[in-house]
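Novice: Kindly generate the corresponding structure for this input.
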Amino acid sequence: MHSRLLRLLVLSLVSTTSLAQSPSQSPAPDPSLQTLLDRIEQLEKRVNQLEERERKEAPGVTNVLERAAGEGKPPQGGATPALMQHPEHVTTATEVRETEARYPSLQFRGFGDVDFSATDQRGSTSGFNLGQFVLHVASPLSQKVSYFGEVSFTARPTGYDLQVERTIIRYDYNDYFKLSFGKYHTPIGYWNTAFHHGAWLQTTISRPEMVQIGGTFIPVHFVGLEAEGSIPSGGLGLGYHVGLGNGRSSLLSTAGDAGDSNNNRAWIAAVSARPTRFYGLEIGGSAYRDKVSPQTGGNFGEWITSAHVAWTKEHPEILSEFANVHHQDLQTLQTFNSQAFYVQVAYRFGWQENKWKPYYRFERIHRPVSDRVFANVADLMGSTAGVRYDITNYAAFKAEYRNSRHGIGGPRVNGAFFQTAFTF
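Specialist: Sure thing, here's the model as predicted:
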């Protein structure tokens, strides 16, 4: 293309020069013109060589960039930590172009795991089982409106239990204000919003007991509306979450998907800081207020306060959070306070492409015996030690040992657990 344009330009100049000459001049070739034509021929050859080189090199460069985008890591360097590889946070150039071209643009992501467990607890059995099979559905509806959904299939003795874990439509006005409606994970503490359903997302096999899926210590899910965004704070990196909606249902381990259990709305407020000077550090706190009406009877005011510190650079990784659940019997005005915390430390070694990540977690739950709201919550003191080995950027092996004691004076239980977790 470049050579054709160059030839046309020169021929045009030659024609113009010839027309401007006197008719009586001799048509014999001009030595200077011949030199110019020879020079043009040399330039054409050079342009052809450059174009041929570009055609040979372009596919290689394109393939490297496509692989980097698909794997969620730069073309050079070691493996990216698993926490940063989640496909939810990786957008390829093709996806960007498709999203810009049309709405909606539906995308799917999935998670699964296969587990083996064996404990010395009386009455327990060892063996394999399938963990949660989770699907994430995302679709931008416009430049500022998007939808996200999460469903899970959990194996039960009688079949599979299907649950809608999250269903959110969100309006992004700007970085400082984003409004969403639907069902989402309650922003209490750190773990509940950092690691969603899908065991591959988290370092360990198990979640801390205080944020256990299907647990009752904190409300894992929340149905209503939520506003979130950044707070202008320079390098401090402040952010906020404010929500209003249904609290727990009469079965405290579930949310009010079909409506609140009483005529009282729950609210949640959380603030966090992510200083740019300390990349990977997050410090935050939250407060949650509700009125609960458990199946055991009665009405209780519930006030949950929490604080957390997380350092996620993986060299090391440190996660810790604390929560206090305050209950007040609205008839007798008697109050109860239950506390829970955990500290988890992990370290991703640099050898063998950063694939090995050993970890340890200590956790504790304490509740007053007289707290009728938490009648099914037992005291807990436990330790968890294990190692994660990332087979690829999208699959991992985990091995874990747990030693725990439930209840005051209860027996200690030892267990070995193994898991293959993956995302696709």
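
Novice: Strands along the stretch 201-350 of the chain, start to end?
Specialist: 221-231, 238-246, 266-273, 281-292, 300-311, 317-329, 335-346 (DSSP state E, counting those that start in this stretch).

Novice: any idea of the angle the first one forms with strand 266-273?
Specialist: Put simply, strand 221-231 runs at 40 degrees to strand 266-273, going by axes from the mean of the first three to the mean of the last three Cα atoms, to 10 degrees.

Novice: Low-confidence ranges, the stretch 301-424 of the chain, go.
Specialist: Applying pLDDT under 70 to the stretch 301-424 of the chain flags no residue at all.

Novice: Please enumerate the helices of it.
Specialist: Taking DSSP state H, counting those that start in this stretch, the stretch 301-424 of the chain contains no helices at all.

Novice: how about the strands of the stretch 201-350 of the chain, which one is nearest Phe195?
Specialist: Nearest of the strands of the stretch 201-350 of the chain to Phe195, taken as Cβ to Cβ: strand 317-329 at 9.5 Å. Every residue, glycine included, has its C-beta placed from N, CA and C.

Novice: that older thread, in a markdown table: the strands of the stretch 201-350 of the chain, plus distance to Met381.
Specialist: Converted to a markdown table, these look like this (distance: least, Cβ to Cβ, whole Å):
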| stretch | distance to Met381 |
| --- | --- |
| strand 221-231 | 27 |
| strand 238-246 | 31 |
| strand 266-273 | 28 |
| strand 281-292 | 25 |
| strand 300-311 | 20 |
| strand 317-329 | 15 |
| strand 335-346 | 11 |
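
Novice: Those into a markdown table, with extra columns for mean neighbour count and distance to Tyr176?
Specialist: Formatted as a markdown table, the strands of the stretch 201-350 of the chain follow (neighbours: other Cβ atoms under 10 Å; distance: least, Cβ to Cβ, whole Å):
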| stretch | mean neighbour count | distance to Tyr176 |
| --- | --- | --- |
| strand 221-231 | 19 | 4 |
| strand 238-246 | 19 | 9 |
| strand 266-273 | 19 | 14 |
| strand 281-292 | 20 | 18 |
| strand 300-311 | 19 | 23 |
| strand 317-329 | 20 | 26 |
| strand 335-346 | 19 | 32 |
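
Novice: I'd say Glu209 and Gly215 touch.
Specialist: Yes: proximity of Glu209 to Gly215 meets the contact threshold set by Cβ atoms under 8 Å, at 6.6 Å.

Novice: of all the strands of the stretch 201-350 of the chain, which lies closest to Arg364?
Specialist: strand 335-346 (5.8 Å).

Novice: which ones are touching Lys178?
Specialist: Taking Cβ atoms under 8 Å, 6 or more residues apart in numbering, we find Lys178 in contact with Arg170, Tyr171, Asp172, Ala227, Glu228, Gly229.

Novice: and it, what helix or strand is that in?
Specialist: For Lys178, the host element (DSSP states H and E) is strand 177-185.

Novice: Just want the angle from that strand to strand 221-231.
Specialist: Using the same axes, to 10 degrees: strand 177-185 against strand 221-231 is 150 degrees.

Novice: Sheet-wise, list the partners of strand 177-185 with their directions.
Specialist: strand 159-174 (antiparallel), strand 221-231 (antiparallel) (DSSP bridges).

Novice: Leu130: neighbour count?
Specialist: If you count neighbours by other Cβ atoms under 10 Å, Leu130 ends up with 13.

Novice: Renumber starting at 19 from here on
Specialist: That works, and once the first residue is 19, the last one we named lands at Leu148.

Novice: isn't it right up against Asp133?
Specialist: Yes: using Cβ under 8 Å, Leu148 is in contact with Asp133, at 7.5 Å.

Novice: ok, back up a step: can the strands paired with strand 195-203 go into TSV with extra columns for distance to Gly400 and mean pLDDT?
Specialist: Shown next, in TSV, are these (distance: least, Cβ to Cβ, whole Å; pLDDT from 0 to 100):
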stretch	distance to Gly400	mean pLDDT
strand 177-192	25	95
strand 239-249	24	97
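
Novice: of all those, which lies closest to Gly277?
Specialist: When those are compared by Cβ to Cβ, strand 239-249 sits nearest Gly277, at 8.9 Å.

Novice: distance between the closest one and the chain's centre?
Specialist: 16 Å (Cα atoms, centre = their mean, to the nearest Å).

Novice: Quick one: work out the angle between it and strand 256-264.
Specialist: Put simply, strand 239-249 runs at 150 degrees to strand 256-264, going by the same axes, to 10 degrees.

Novice: follow-up on the earlier one: format the CA atom coordinates belonging to the strand holding Lys196 as PDB.
Specialist: Taking Å, rounded to 0.1, in the frame of the first residue of the first chain, the C-alpha atoms of strand 195-203 are listed here in PDB:
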ATOM      1  CA  PHE A 195     -22.000   6.500  44.200                       C
ATOM      2  CA  LYS A 196     -23.200   3.100  43.000                       C
ATOM      3  CA  LEU A 197     -26.700   2.000  43.900                       C
ATOM      4  CA  SER A 198     -27.800  -1.700  43.800                       C
ATOM      5  CA  PHE A 199     -31.000  -3.600  44.400                       C
ATOM      6  CA  GLY A 200     -31.400  -7.300  45.100                       C
ATOM      7  CA  LYS A 201     -29.800 -10.000  47.200                       C
ATOM      8  CA  TYR A 202     -26.100  -9.700  48.100                       C
ATOM      9  CA  HIS A 203     -23.600 -10.800  50.700                       C
END
